[in-house]
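In: Could you look at this predicted model? Sequence included:
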Amino acid sequence: MKIKFRILATIILLNSFQVFGQNSGNLSLDSCLIFARNNFALLKNNNFNNEILNLQTKNLNANYLPSTDFSATAQYQSQSIEIDINTEGLPPGVEFQFPVPPLDQYALTLNLTQTIYDGGITKALKELEKVKTNLQTLKNEFSFQDVKKQLTDIWFSVLFLQKTQEQIENTLNELDAKRNSLKSGLKNGVITKENYDLLTVNILQLKQRQTEINSGIENALAILSIITGKTINSEIHISVPNDTDLIEENNRIENKIFNYQNEIYDNNIKLIKAKRLPKIGAYAIGGYGNPGLTMLKDEWNPYFIVGANLHWNIWDWNTAKRNKQIQKINQESINNQKSSFEQSVNVQKLKLKSDIDKYNSLMIFDKQILKLHEGICKAMSNKLKNGTLNSTEYISAISKKQQAAIQLEIHKLKLLKCKYDYLIVTGNI
């Protein structure tokens with residue numbers, strides 16, 4: 001259903017824009033969910049998450065790029081290297097003396113380092129950041145689930161009120177027509193003024209009930225307007241969703257969240273292993289100083305050094321081993337949470353299926369009861385017209401018929417809502 005929902009989203013959205021442009025027409029639950037999604041601020045952070053991931057990946061890729069830094073030093077030493085040589089064996093007049101390095105020394109160096117192999121740390125970090133970003137995106141999606149449930153509940157509450165309003169309107173029309181038909185009987189004395197006034201009182205009470213329902217509808221539509229970011233008023237007709245089949249497949253976002261959390265711990269283990277592997281690098285140093293690499297010359301000279309290095313922490317007192325155990329324990333905890341969640345979902349599915357069966361059975365009785373009430377009211381209508389029945393009995397019969405009609409419509413909507421709740425519980429809407 002999710003795939004169909006996405007494929008039809010554009011068509012539904014375009015149709016809904018036409019509706020809002022005219023400020024009248026029909027509004028479907030699907031289009032309202034799309035509006036709510038587009039208006040949900042937290043989902044807009046998903047774009048930021050992707051931008052951050054892109055920047056973090058570039059930073060991590062830089063680990064394998066050469067690193068260059070410049071340094072300059074100036075120092076003064078209290079003494080320097082001196083080499084004494086016995087010159088007794090030298091010919092007369094020949095003197096030999098080793099040069100003495102200066103006490104003040106200067107150096108300008110440009111250092112370049114290059115990582116050749118880091119044990120897989122960079123790769124593990126990139127995978128870890130990617131999983132964390134996916135997890136955060138899903139958490140934002142999860143936050144929208146509460147909005148989706150709230151919107152669906154409000155939607156059906158509006159439908160409940162509208163169906164009640166329709167039945168009250170039908171009853172009002174019936175009572176008003178009956179009151180008009182009794183006017184001649186009132187003049188002729190066949191109908192008492194008391195019976196006539198009782199009908200009028202009941203009509204006024206129903207209109208009072210209509211006012212209460214209208215207020216409830218307006219409040220619900222105002223909440224829908226806030227959730228969707230669209231103006232939804234009484235001029236827009238809230239349409240009844242199409243009947244739907246139950247989808248058993250569990251597509252809840254929570255399952256994906258649990259999987260990504262486990263992936264994070266898997267990547268943490270990879271990172272721990274990578275940190276225990278040897279690291280290989282290369283370096284180059286170019287400099288200009290006094291003295292240069294020939295320490296015994298008191299003069300400025302350029303020089304360079306190239307080389308390679310290896311670093312390996314051979315023994316870490318089992319720190320890495322314990323850290324891996326911590327990650328595995330965390331994974332067990334996540335698996336337990338997932339099992340508990342799946343159990344909760346199965347309980348909700350079972351209850352909703354039971355409610356669906358219940359409302360299907362109740363509707364069979366509702367139809368039979370309504371049919372009987374319609375026959376009773378028809379017979380009482382003739383008696384009231386002939387003056388052999390008072391208004392109280394007739395109003396009572398009409399009220400019972402009205403309640404039976406409302407009950408049937410409410411059970412129809414509750415059945416449909418259970419099906420949509422089932423799709424929400426299984427993550428298919």
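Out: Sure, I can see it. The structure presented is a predicted model; accordingly, all values stated were derived computationally and were not measured. Residues are numbered from 1 along each chain as shown.
In: pretty sure I168 is in a helix, no?
Out: Yes - counting by DSSP: H, G, I helix; E, B strand; the rest coil, I168 is located in a helix.
In: ok, it - how many residues close by?
Out: Counted with other CB atoms under 10 Å, the neighbours of I168 add up to 18. (Each C-beta comes from the backbone N, C-alpha and C, glycine too.)
In: just checking, it touches Q402?
Out: Yes - the criterion here is CB atoms under 8 Å, and I168 meets it with Q402 at 7.1 Å.
In: tell me the SS of N134?
Out: Once three-state DSSP is applied, N134 turns out helix.
In: again, but for L246
Out: Three-state call for L246 (three-state DSSP): coil.
In: Now do the contacts for the closest residue to it other than its chain neighbours.
Out: Leaving aside its chain neighbours, L246 sits nearest to Y422 (5.3 Å; criterion: CB to CB, 6 or more residues apart in numbering). Y422 makes contact with 246-247, 349, 352-353, 356, according to CB atoms under 8 Å, 6 or more residues apart in numbering.
In: Could you do N346 as well?
Out: N346 makes no contacts at all, as judged by CB under 8 Å, 6+ apart.
In: Recalculate using a threshold of 10 Å.
Out: 250, 425 (CB atoms under 10 Å, 6 or more residues apart in numbering).
In: any idea how far it is from E248?
Out: 11 Å (CB to CB, to the nearest Å).
In: Centre of the chain to the helix or strand where A320 lies, how far?
Out: Taking DSSP states H and E as the criterion, A320 maps to helix 319-386. Distance of helix 319-386 from the chain centroid (CA atoms, centre = their mean, to the nearest Å) equals 23 Å.
In: same question, stretch 183-200
Out: Centroid displacement of stretch 183-200 relative to its chain, using CA atoms, centre = their mean, is 63 Å.
In: average model confidence for that stretch?
Out: Stretch 183-200 shows a mean pLDDT of 83.
In: got it, and stretch 262-271?
Out: 97.
In: Now tell me what touches it from outside.
Out: Counting by CB under 10 Å, 6+ apart, 119-121, 123-132, 134-135, 320, 323-335, 338 sit against stretch 262-271.
In: circling back: pull up the overlap in contacts between I168 and Q402.
Out: L206.
In: returning to that earlier point: the residue nearest to L246 - that's part of a helix, no?
Out: Yes - the assignment for Y422 (three-state DSSP) places it in a helix.
In: so how far is the host helix or strand of P302 off the chain centroid?
Out: Here P302 is covered by strand 301-311, with elements defined by DSSP H and E. Relative to the centre of its chain, strand 301-311 is centred 53 Å away, using CA atoms, centre = their mean.
In: Note down every partner strand of it and its orientation.
Out: Counting by DSSP bridges, the strands paired with strand 301-311 are strand 279-290 (antiparallel).
In: Let me see the contact set for N323.
Out: Counted by CB under 10 Å, 6+ apart, N323 has contacts 268-269, 271-272, 275, 316.
In: Now, the residues you listed that are in helices?
Out: Residues of the contacts of N323 located in helices (DSSP state H): 268-269, 271-272, 275.
In: got those residues as a markdown table, with distance to Q210 columns?
Out: Listed next are the ones in helices among the contacts of N323 as a markdown table, based on distance: CB to CB, whole Å:
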| residue | distance to Q210 |
| --- | --- |
| N268 | 62 |
| I269 | 65 |
| L271 | 66 |
| I272 | 69 |
| K275 | 72 |
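In: would you list these in JSON lines and tack on neighbour count?
Out: Compiled in JSON lines, these are given as follows (neighbours: other CB atoms under 10 Å):
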{"residue": "N268", "neighbour count": "19"}
{"residue": "I269", "neighbour count": "19"}
{"residue": "L271", "neighbour count": "19"}
{"residue": "I272", "neighbour count": "18"}
{"residue": "K275", "neighbour count": "18"}
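In: Low-confidence bits of the stretch 251-400 of the chain, can you list those?
Out: Within the stretch 251-400 of the chain, no stretch has pLDDT under 70.
In: State the phi and psi torsions of the closest residue to A274 other than its chain neighbours.
Out: With sequence-adjacent residues excluded and distances taken as CB to CB, 6+ apart, A274 is closest to G120, at 4.0 Å. For G120, the backbone dihedrals (degrees, to the nearest 10) come out as phi 90, psi 10.
In: by contact count, what packs against the longest strand belonging to the chain?
Out: In the chain, taking DSSP state E as the definition, the longest strand is strand 104-117. Helices and strands touching strand 104-117, by 3 or more CB pairs under 10 Å, 6 or more residues apart in numbering; DSSP states H and E, are strand 67-76, strand 279-290, strand 301-311.
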